[in-house]
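> Please work out how this folds:
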Amino acid sequence: ERKAQASHAEADSLRAELERSSLARFQAERQKEFAETYLDNLMKGNEELKRVYDAEKAASNEAIAQAVEAKKQTRAKEAALKNEQQARTEEKAQRDLADARADSITVEQQRTDEANRRLQASKLAQNSLSVRGAPQPRALMALHALRTMERAGGDVHKDELVRALQGSLEELERASPPGVDRLGAGPRALRMQGSELWALGNDGKLLGIEQGAWSKRVVADASQHAGTSGGRAFLGSGVLLLADLEHAITVCSTKDGAVIASAQKTTHTEDITAMATFSGGSALVSGDRDGNLVVWAVDGTTLRMVQQHKASGTVRTLVHEPRTDRIVAVHGTEKLSILSKDGSLSTIALSDAMRAHCIAPGTPGEVYIGTHSGTVVALDVADRSTRTLFAGNGQRVEVLTAATDGRVALVDAVRALSVVFPGGGPSPLHLPLTGIPNVLLFGPGDVLYLGSEDRTVRRVLTTTKGMAQWICTLVGRELTATEWDQYIGEGTPESACDK
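Here you go, the predicted structure:
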């Protein structure tokens, strides 16, 4: 098409030039006729002049003929050069087109190969789940599925990969699951204290758990202030907060369980369901099943009531936000209460579809709220603005926690654990659980601790990378050639662990 357009343009140019040449030739011929007529009249009767004219005319015609021939040759060379340049341009365009088509075919082939490898990884992960009685080969199968997915550029947190790796770890650690059991009560609060994990149950005993060795010790025993049964215990800033069935409140030290302050008679008429301290532990808030919120000040060895408020529903959880030194209360409705140390209270309302169910400290200045619709919302306590962290799957968020780097872990009503990573991180990791834990806490690295009502604290890993590293540590070998043929069945044996 480009060649045809160029030819048409050239033809139009040649026609215009030919027309100009015809007019010039016509004019020259008329002038020549006039000159020859005039010259003939002059030469009549003068033979010498006629002879000189004929000689000059012959020489002039010869010179003109040579000039015309030279012009023809120049134009022929220019035309040949132009045609050669055009041919080279067209040849380059054809090569570029062929290269582009080849690149497109190569890219498409690469995409197809990657899709096939991702499918192969998913199948290998699913096949590993059916292996029985061979925990090490099963784990290495799951590991090779992950490596295949990594090479294919796929989602390394794909559900079947997570289930395969976690199931393999459970088989490898079945004889000695990572964590502790037979605690005095189901943990209601977890906290990292240096290298030790603290766990507090409603029995009022604060336990210290050594990670890895999974030994435990009593850090502080305030069980006498929680009552024989039905009492509640909460972990504040350097203190234990205890409430008994008579609604008495006792504040004890986390060092040795010694009483700091107490209020034997309170205005609570229903079970105290939540407590939290302000910075420094000099003031606290308590909430009950009837929606009462009470701000207390530590006045010597007694608790002095500063202010009481009535909330819109049962006080489910209280969380302290350190930067603003505010305590945020969740009531199971779209309204949140924000309390100050001086006893003042303000409220903020989420949308009707986002009834708050649980809450946890977030990044500095924020708290994270789990809703009935499954969404996790970040609330900036200072300016009252909100942003969505996790859209969820429509199932109510039962419990959640957050790490200082922005990771969020939550368990929903269908016992699914989800770990959400901040922007630019991997896709969320989903892991089915056998129950809903009371409390979650991020530990070092990829570790997440789950404290449950069955009086256990368990450790899970929150990335497939972390799971793979631990599998390599536990197994300590690769598949043999025979095992490769039996469990993988294609390709050549290769290493799955980083040496």
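> chain center to the helix or strand hosting residue 304, what's the gap?
Residue 304 belongs to strand 302-310 when assigned by DSSP states H and E. Chain-centre distance of strand 302-310: 44 Å, with C-alpha atoms, centre = their mean, to the nearest Å.
> so what secondary structure elements neighbour it?
When contacts are defined as 3 or more C-beta pairs under 8 Å, 6 or more residues apart in numbering; DSSP states H and E, strand 302-310 packs onto strand 259-263, strand 292-299. Glycine gets a C-beta too; all of them are placed from N, C-alpha and C.
> CA atoms of it as CSV?
Provided in CSV are the C-alpha atoms of strand 302-310 (Å, rounded to 0.1, in the frame of the first residue of the first chain):
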residue,chain,number,x,y,z
THR,A,302,-8.4,2.3,95.1
LEU,A,303,-10.2,2.8,91.8
ARG,A,304,-12.1,6.1,91.6
MET,A,305,-14.9,6.3,89.0
VAL,A,306,-14.3,9.3,86.7
GLN,A,307,-17.3,9.0,84.4
GLN,A,308,-19.9,6.4,83.3
HIS,A,309,-21.5,6.2,79.9
LYS,A,310,-24.3,4.1,78.3
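> That one: what's the following helix or strand?
strand 317-321.
> Let's see stretch 167-187 as PDB, backbone CA atoms only.
Extracted in PDB, the C-alpha atoms of stretch 167-187 (Å, rounded to 0.1, in the frame of the first residue of the first chain):
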ATOM      1  CA  GLY A 167      -1.000 -30.500  55.800                       C
ATOM      2  CA  SER A 168       2.600 -31.700  55.300                       C
ATOM      3  CA  LEU A 169       3.800 -29.800  58.300                       C
ATOM      4  CA  GLU A 170       1.000 -31.100  60.500                       C
ATOM      5  CA  GLU A 171       2.000 -34.700  59.500                       C
ATOM      6  CA  LEU A 172       5.700 -34.000  60.100                       C
ATOM      7  CA  GLU A 173       5.000 -32.500  63.500                       C
ATOM      8  CA  ARG A 174       2.100 -34.700  64.600                       C
ATOM      9  CA  ALA A 175       4.100 -36.300  67.400                       C
ATOM     10  CA  SER A 176       5.100 -32.900  68.800                       C
ATOM     11  CA  PRO A 177       2.800 -30.100  67.500                       C
ATOM     12  CA  PRO A 178       4.400 -26.600  67.800                       C
ATOM     13  CA  GLY A 179       2.900 -24.900  70.800                       C
ATOM     14  CA  VAL A 180       1.700 -25.700  74.400                       C
ATOM     15  CA  ASP A 181      -1.400 -27.400  75.800                       C
ATOM     16  CA  ARG A 182      -3.000 -28.100  79.100                       C
ATOM     17  CA  LEU A 183      -3.000 -24.500  80.200                       C
ATOM     18  CA  GLY A 184      -5.100 -23.600  83.200                       C
ATOM     19  CA  ALA A 185      -7.600 -21.800  81.000                       C
ATOM     20  CA  GLY A 186      -8.100 -20.900  77.400                       C
ATOM     21  CA  PRO A 187      -5.900 -17.900  76.600                       C
END
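> which outside residues touch that stretch?
128-129, 135-136, 138-139, 141-143, 199-203, 205, 207, 209, 214, 216, 223, 438-439, 449, 451-459, 461, 467, 470-471, 474-475 (C-beta atoms under 8 Å, 6 or more residues apart in numbering).
> wait, is residue 241 part of a strand?
Yes. Read with DSSP: H, G, I helix; E, B strand; the rest coil, residue 241 is one of the residues of a strand.
> That one bridge partners, please.
Bridge pairing for residue 241 (DSSP bridges) gives the partners residue 234, residue 251.
> again with residue 339
Bridge pairing for residue 339 (DSSP bridges) gives the partners residue 327, residue 345.
> Roughly how far does it sit from residue 297?
13 Å (C-beta to C-beta, to the nearest Å).
> now the residue nearest to the spatial centre of the chain, nearest residue through space, not along the chain?
Residue closest to the average C-alpha location in the chain (C-alpha atoms, centre = their mean): residue 425, at 3.6 Å. Distances taken as C-beta to C-beta, 6 or more residues apart in numbering put residue 407 closest to residue 425, at 7.9 Å, once the chain neighbours are dropped.
> Helix or strand next in line after the lengthiest helix in the chain, which one?
Longest helix in the chain by number of residues, with DSSP state H as the criterion: helix 47-128. Following helix 47-128 in sequence order, the next helix or strand is helix 135-151 (DSSP H and E).
> Buried residues, the helix or strand that that next one is followed by. List them.
Later in the chain than helix 135-151, the nearest helix or strand by DSSP H and E is helix 159-172. For helix 159-172, burial by neighbour count (16 or more other C-beta atoms under 10 Å) applies to 160-169, 171-172.
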